[in-house]
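Visitor: Mind folding the following:
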Amino acid sequence: MIDVHTLDVLEFDKIKQIIAAYSTSILGQERVIAATPTSNIEVLNHQLGFVAELVDILAFDDPLPIRGIKDVRGALKKAEIEGNMLEPTEFLYLLALLQVSRQLHDYFSKRK
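Guide: Next comes the predicted model:
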């Protein structure tokens with residue numbers, strides 16, 4: 001693991017903030033901000049596999065249809081409690097998430 005001083009010198013937090021600004025969703029921003037370096041070779045190889053796949057997708061395919069993802073965690077927690085009612089905006093966020101999910105399903109189904 002990299003020590004805190006090294007991360008400070010490398011301005012790792014600033015780099016994460018810059019990358020997070022490119023995220024299309026709050027969830028993505030949170031994942032970037034929470035990211036920490038690792039020296040575990042198995043984890044690194046696994047993550048590099050994802051990076052290689054994404055590079056292939058971005059280089060040769062249409063853009064990923066990920067615009068419009070909304071943070072629905074609050075609405076889902078609210079819906080778990082019997083008697084709670086969702087606001088119209090919460091339903092619209094759920095609809096937007098379902099639409100993006102469908103678009104992603106269709107996108108990846110075409111790649112098979």
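Visitor: switch to C-alpha atoms for all contacts and neighbour counts from now on
Guide: Noted.
Visitor: Return the distance of the lengthiest helix in the chain from the chain's centre.
Guide: Counting residues, the longest helix found in the chain (DSSP state H) is helix 88-111. Averaging C-alpha positions (Cα atoms, centre = their mean, to the nearest Å) puts helix 88-111 14 Å from its chain's average.
Visitor: Show me which positions of that helix end up buried.
Guide: 90, 93, 94, 95, 96, 97, 99, 100, 107 (16 or more other Cα atoms under 10 Å).
Visitor: what's the closest of these to residue 59?
Guide: residue 107 (14.9 Å; Cα to Cα).
Visitor: Kindly provide the distance from the closest one to residue 62.
Guide: Computed as Cα to Cα, to the nearest Å, the residue 107 to residue 62 distance reads 9 Å.
Visitor: Against the centre of the chain, work out the most remote residue.
Guide: Most distant from the centre of the chain: residue 83, at 31.0 Å, with distances by Cα atoms, centre = their mean.
Visitor: tell me the secondary structure for it?
Guide: coil (DSSP: H, G, I helix; E, B strand; the rest coil).
Visitor: Please report the distance of it from residue 75.
Guide: For residue 83, the distance to residue 75 - Cα to Cα - is 13 Å.
Visitor: what's the answer for residue 14, then?
Guide: Taking Cα to Cα, one finds residue 14 at 31 Å from residue 75.
Visitor: Who has more neighbours out of those two?
Guide: residue 75 (18 against 12; other Cα atoms under 10 Å).
Visitor: Just the pLDDT for the closest residue in space to the more buried one that isn't next to it in sequence.
Guide: Nearest residue to residue 75, sequence neighbours excluded (Cα to Cα, 6 or more residues apart in numbering): residue 90, at 6.0 Å. Looking at residue 90, its pLDDT stands at 95.
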